[in-house]
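Trainee: compute the structure for the input listed below.
(5 chains, ligands or ions: 4)
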Amino acid sequence: MSAAELDAIQLTIALATITTALLLILGTPLAWWLSRKNASWPALVEALVAMPLILPPTVLGFYLLLLFAPDTALGVAWEKLTGTQLAFSFSALVIGSVIYSLPFVVQPLQAAFQRVPEDLLKVAATLGASPLDQFRSIVLPLTRRSFVTAASLGFAHTVGEFGVVLMIGGNIPGETRVLSVALYDYVESLQFAEAHRLAGGLVVFSLALLYLLYRRDRRHSWRVQA
Amino acid sequence: MSAAELDAIQLTIALATITTALLLILGTPLAWWLSRKNASWPALVEALVAMPLILPPTVLGFYLLLLFAPDTALGVAWEKLTGTQLAFSFSALVIGSVIYSLPFVVQPLQAAFQRVPEDLLKVAATLGASPLDQFRSIVLPLTRRSFVTAASLGFAHTVGEFGVVLMIGGNIPGETRVLSVALYDYVESLQFAEAHRLAGGLVVFSLALLYLLYRRDRRHSWRVQA
Amino acid sequence: MPDRGITAIYGPSGSGKSTLLDCIAGLRRPETGGMVRFRDQTWLAPQRFVPPWQRRVAYVFQDSRLFPHLNVQQNLDYADTRRGTVGGASMQQVIHWLELEGLLQHTPAVLSAGQKQRVAIGRALLSSPQLLLLDEPLANLDHNASQQCLAYLQQLAGELELPMLYVSHDIEEVSQLADHLVLLEHGALVDQGPMLDLCGRLDTQLSREEQAAAIVLGSIGQHDPEYGLTELLVEGQTLQIASRDSPVGARRRLRIPARDVSVCLNKPEDSSILNIIPVTLTQMKTDGDARVLLRLALGGQHLLARITRRSADRLGIQVGDRLFAQIKSAALLMESSDHHE
Amino acid sequence: MPDRGITAIYGPSGSGKSTLLDCIAGLRRPETGGMVRFRDQTWLAPQRFVPPWQRRVAYVFQDSRLFPHLNVQQNLDYADTRRGTVGGASMQQVIHWLELEGLLQHTPAVLSAGQKQRVAIGRALLSSPQLLLLDEPLANLDHNASQQCLAYLQQLAGELELPMLYVSHDIEEVSQLADHLVLLEHGALVDQGPMLDLCGRLDTQLSREEQAAAIVLGSIGQHDPEYGLTELLVEGQTLQIASRDSPVGARRRLRIPARDVSVCLNKPEDSSILNIIPVTLTQMKTDGDARVLLRLALGGQHLLARITRRSADRLGIQVGDRLFAQIKSAALLMESSDHHE
Amino acid sequence: QGLAAEPLRVAVAANFRGTLQQITDEFEQQSGYRVTLSSGSTGVLYAQILHGAPFDLFFAADAASVQELAAKGARATSGRPFCYARGSLVLAGGNGDLAQLSDPTLSMSIANPVTAPYGAAAMAVLARREFAAGSNRKLVRGANVVQALQFWRGGGTDLALLPRALAPDATPIPQSWHQPLDQLAIALTSPTANPALASYLNWIRSDTVRTLIFDAGYKPCP
Ligand SMILES: Nc1ncnc2c1ncn2[C@@H]1O[C@H](COP(=O)(O)OP(=O)(O)OP(=O)(O)O)[C@@H](O)[C@H]1O
Ligand SMILES: Nc1ncnc2c1ncn2[C@@H]1O[C@H](COP(=O)(O)OP(=O)(O)OP(=O)(O)O)[C@@H](O)[C@H]1O
Ligand SMILES: [Mg+2]
Ligand SMILES: [Mg+2]
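Mentor: Ligands and ions are numbered 1, 2, ... in the order given. Got it, this is the predicted structure:
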């Protein structure tokens, strides 16, 4: 495996891990909020969250690029704050990936939260559990399966995404050239043997990882009773 | 709006609708099976279903192209059966989209099915409901929210997907040139004004559609009791 | 077990009552194998398993298990549209019996526990099964409502010839309702037999209960409309019970709790107790520290009486003595029909 | 309502008992506003709402609501690690009282209904609340188990000075346990007051119940270890009850069901009934078609007796008559402690 | 004229699509034949053609892929590859001075050198000894030339090395600094069996079209 590939793999793992972590941190409260509001205007927020799905990645990437450019409010603020340029940085990739993969995390979590029996939360409340405690001790374990789903969808999608990444990352080796972009390069440059090798490795590795994850999850399953 | 755009829109709607319908038809029994098996080897099937997420769309498209080519077993069989070529046809787009979007449908449904209280199914059985009847009369209504999630994720993702579609469809106007590809063409040929217009229309339209869908769904919500 | 009438399953909590019903309904397969047969149908055999939805067994679960996405009317409809046979109770009847009129549009989430249970009973009845399983269906109902339900269930068992298996740990309920009794403990059968036989014995699990009672069989004699009383002729003796419109000559069962029966050597004349009948003491058994349980023969039938040990000593009673049993009249209200003998 | 002792909430199914507890626990806000205060804390007022997790109220729900992802031990731990005060029952005590030893590693899904309920009670106790709400906690327990639970609850109420609100539709349970009674019907308060006052009256909802009973207060007299009996001195009269190890002189309550009391004009001498005491008839009320309910003065306290109308006529009894009340001794077992008077 | 029911299918590299659209529109008006354009990156189109894409004609953005197709002969590649345009590089942005190429503080966007000939040419330019001082610059690679243009126009790189077709007014780079950027096309079906294709091929080689291509920023083929 070439050094460039190793770089790309390392970068991909870092990107997907950080993105998934951020997705869970941001997506969990958002999904909870959406699942508990009975008004109809949060439906607008739900629809907004689903937007990145609809736009082709390159188009979404194009708009994000416009947003991240050094002369926009965000770009200027970022440069003030961190001293570095946002566009074509690893940070931009992370932000883009979070936006792009948000629906994959929010939607399964929201559906899961909606099915947490209110009654159990009431019991926990009478036993002295504050809402945060209730969430941690009841909701989280009851929806663990959906967290696995959400995290694996988010992680996988970040690994596989390349339209957005290509657009806002600029394919800079060691900085924003992730595995999907490397793979894309091989296909585009007609280096099919290399493409097969890399894709095969990726598939086998992710298959093994997901298999272990899902199998572990199956072992710890429980069922709601009516 | 130009005739070419109308063509693309029509094609996109047809593709997304057919794909979503197929996804639900195939994904529902698969998700049900996965949710009811307690053995650990179905975890392998789960991991396989998630695979399309990991591979960058063009790469996945490339492999699908290899699979669909007229000289492969599948390509030959298809040509025998239908008299037309599979690769670069609308049918190929449908198959590709189904494979690509399968995890978005299977995973939320599986998580939802797993939380259907077994007890309620037992009651239904004693009242004379066969397993199919139980599924139709109990499981479906109880998991309606997740069907909305699954269908909207699947639909949106089919609309937004372009890497796979471009690769196996070949960007043939009126046949495989869907909206996302048309949008790509505008960007590639530096027709940014057209790109903005088309993207804007897509966003507004989908936002309105999803909003109505989610709002309707919120109205009909119910809660499980422990 | 008999395939007709009402069979009660009685046993302490955790003794496997619900598990037994689950096996009969086909919701659980016994680990050790076994056979389940109903009339001419074999539901479970080493090579055979009839799935629950083909057994036409309705099951009222201990928790009511209403479908949360359907309102009360829809829950009832669910069973109604899937009914096994054509006969059985109609929707109107069930709604009327269980007083569900006001609840039809409610969702299960807003119902009280008792209301849920009534709906669950109604739902089971509407599937017009060939066998009805009831797992403590009245646990959350108040006294009046559960009396009413019991009466309807009894009526159903009679009119529709619907056999029932009835789980309960309320012995009053059980003896009022059941023709046949199955006693479970620690997952094993302890005793089983016709209600009357089991109740009159001193050596069963039942007699150790606080609420031990004997059941006697008699025929209806004269009515006394002025006082609202009816005569019940038991083995040549006359008992006064509260009137119900039973035809003269009809055979009826009467549950007489041991704690309601006292004995005396001579017949008292100025007591408010109406029913004082001559009996023979056939068996005595100490019951705990302070009390003894007496078995009193009344012709071929038996009464139970629970008195303090001190009284027994003071009166100096012995097996074989002829005594008078005083039966507190208020206790005699629990008359129950007896179609199945 | 009093903030000490055990207050029973009694009413037919659907009368709003669970709803009332929900409001007290803060799980539901009354639609019409209202106030909830506990001791010096205001839990609900027009401008104030203390959330349930700050009220330190434990609630045993009608359905046991165990956490399905935790086993029994973990369910108990859940409450234990969040306990409000330092005192209260310990894990060992609770497991012992409720006989949960064998169940600790089970998940709720495999427990029987009664076992679930015992775990739910244990979980509530372990949170050592300042107020305990119980919504028909014993509905799924058999007679022996529920007697045992009742005894422990009573002990707790006494020792830990833990006030309880106890919902039940079993009047025996209620009168055995409660110091104070709240009667609900159709969501509205019908009557409330100390148990003793409400039970001795003929005009309350309670007296219309099949299981109407009076409660008398007495002090423990001599023990008779030979026969396992204890004397209870009530208004100068002596009643024989089954022994419990109460110290001589202690004040105790005794529930005497109306159906266990008969009257006679003269004192019978050769009856197995131990307790025959002189009383004065102070009130008579027809009760249904066939029966009358008598209120009998015993010094300053009252007994209830339910007899047939025919007996009343035959004996020719009138208000003001001096009679003998016969109390079936077996009924006297339900002695209950009375710390809270 | 026998109007074929089937339109003529032309695959074209994305960056030439705009120009070819103009050319084709005029052809359709004059001849009455219908032509559909399918664009994609050269690599994608190559893979598709190898696997049965129903194209009659292929305009690549490079020489290599077409030559390889011809060599493979996997399909009825009829006729020989022909050059239809020769590209040239320009430096966009900054003050127009080529000396900026040695300034490491100026960021630069180019097309992906691995996949795009223009990217490879740009790398060759940057690798020149006189620009070695700038080798630490931030170098952003677009998937293709259009993305490189977008990076420069919207995304905040200071400079870009682009085809002249995309930035006609920018500073030209001497041709000798890199390999020639010949863009080749090849017919995939036989012109003899398809009069529309034959007619279209003639049209492409006509002077009118040569002028159009030249106006679009390309140099004539040798
Ligand atoms: N799947 C299982 N695995 C292990 N033990 C089980 C399982 N299911 C039930 N049990 C045990 O079997 C016993 C009988 O349970 P069952 O529910 O039949 O009791 P029950 O007689 O209905 O009691 P109750 O009156 O409290 O409802 C209980 O001790 C329970 O813990
Ligand atoms: N959210 C609600 N909306 C409308 N009606 C409700 C709601 N919640 C409860 N009720 C009604 O209020 C009444 C009282 O219910 P509650 O559960 O308090 O009764 P309960 O006294 O506990 O009865 P049970 O003994 O059967 O448990 C019931 O008739 C119920 O249908
Ligand atoms: Mg049970
Ligand atoms: Mg209730």
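Trainee: can you count the residues close to residue A:32?
Mentor: When neighbours are counted by other Cβ atoms under 10 Å in any protein chain shown, residue A:32 registers 20. To be clear about C-beta, it is placed using only N, CA and C from the backbone, and glycine gets the same treatment.
Trainee: in what helix or strand does it lie?
Mentor: Under DSSP states H and E, the secondary-structure element containing residue A:32 is helix A:3-36.
Trainee: tell me if the following helix or strand past that helix is near chain B.
Mentor: Downstream of helix A:3-36, the first helix or strand assigned by DSSP H and E is helix A:42-54. Yes. Helix A:42-54 is in contact with chain B by Cβ under 8 Å from any Cβ of the partner chain, via A:42, A:43, A:44, A:46, A:47, A:48, A:50, A:51, A:52, A:53, A:54.
Trainee: tell me the pLDDT of the nearest residue to the first one once chain neighbours are set aside.
Mentor: If I follow you right, that is residue A:42. Counting by Cβ to Cβ, 6 or more residues apart in numbering or on different chains, residue A:42 lies nearest to residue A:34, which is 5.4 Å off, once chain neighbours are set aside. pLDDT recorded at residue A:34 is 89.
Trainee: same check on residue E:170?
Mentor: What the model reports for residue E:170 is a pLDDT of 89.
Trainee: quick check: pLDDT value at the spatially most central residue of chain E.
Mentor: Among the residues of chain E, the one closest to the centroid is residue E:61, at 3.3 Å (Cα atoms, centre = their mean). As predicted, residue E:61 sits at a pLDDT of 88.
Trainee: residue of chain A closest to ligand 2, please.
Mentor: residue A:118 (12.1 Å; Cβ to the nearest ligand atom).
Trainee: whoops, I mixed them up, chain E
Mentor: Nearest to ligand 2, among the residues of chain E, is residue E:154, at 55.7 Å (Cβ to the nearest ligand atom).
Trainee: so how far is chain D from that residue?
Mentor: Per Cβ to the nearest Cβ, to the nearest Å, residue E:154 is found 50 Å from chain D.
Trainee: equivalent analysis for residue C:130, please.
Mentor: 26 Å.
Trainee: which non-adjacent residue is nearest that residue?
Mentor: Nearest in space to residue C:130, with sequence neighbours left out and distances taken as Cβ to Cβ, 6+ apart, is residue C:56 at 4.8 Å.
Trainee: list the buried residues of the strand or helix carrying residue C:153.
Mentor: Element membership for residue C:153 (DSSP H and E) is helix C:143-159. Within helix C:143-159, the residues scored as buried using 16 or more other Cβ atoms under 10 Å in any protein chain shown are C:143, C:145, C:146, C:147, C:148, C:149, C:150, C:152, C:153, C:154, C:156, C:157.
Trainee: assign a three-state SS to residue E:36, would you?
Mentor: When classified by DSSP: H, G, I helix; E, B strand; the rest coil, residue E:36 comes out as strand.
Trainee: that one and residue B:173 touch, don't they?
Mentor: Yes. Using Cβ atoms under 8 Å, residue E:36 is in contact with residue B:173, at 4.8 Å.
Trainee: excluding chain neighbours, give the residue nearest to residue E:96 in space.
Mentor: Residue E:96 sits nearest to residue E:171 (Cβ to Cβ, 6+ apart), 4.8 Å away.
Trainee: sorry, slip of the keys, the one I care about is residue C:194.
Mentor: What sits nearest to residue C:194 in space, not counting adjacent residues and going by Cβ to Cβ, 6+ apart, is residue C:180, at 5.7 Å.
Trainee: tally up the residues packed near the one you found, please.
Mentor: Neighbours of residue C:180 under the rule other Cβ under 10 Å: 23.
Trainee: which strand residues bridge it?
Mentor: residue C:7, residue C:194 (DSSP bridges).
Trainee: re earlier: could you point out which element follows the helix holding residue C:153?
Mentor: Using DSSP H and E, the first helix or strand after helix C:143-159 is strand C:164-168.
Trainee: does any bit of whichever helix or strand comes after that following strand sit next to ligand 1?
Mentor: Per DSSP H and E, the first helix or strand lying C-terminal to strand C:164-168 is helix C:171-177. No. Using Cβ under 6 Å from any ligand atom, helix C:171-177 never reaches ligand 1; the gap is at least 12.8 Å.
Trainee: mean confidence for the strand or helix carrying residue C:252?
Mentor: Assigned by DSSP H and E, residue C:252 falls within strand C:251-257. Across strand C:251-257, the average pLDDT comes to 77.
Trainee: identify each buried residue in that strand, please.
Mentor: Buried-residue list, strand C:251-257, by 16+ other Cβ under 10 Å: C:252, C:253, C:254, C:255, C:256, C:257.
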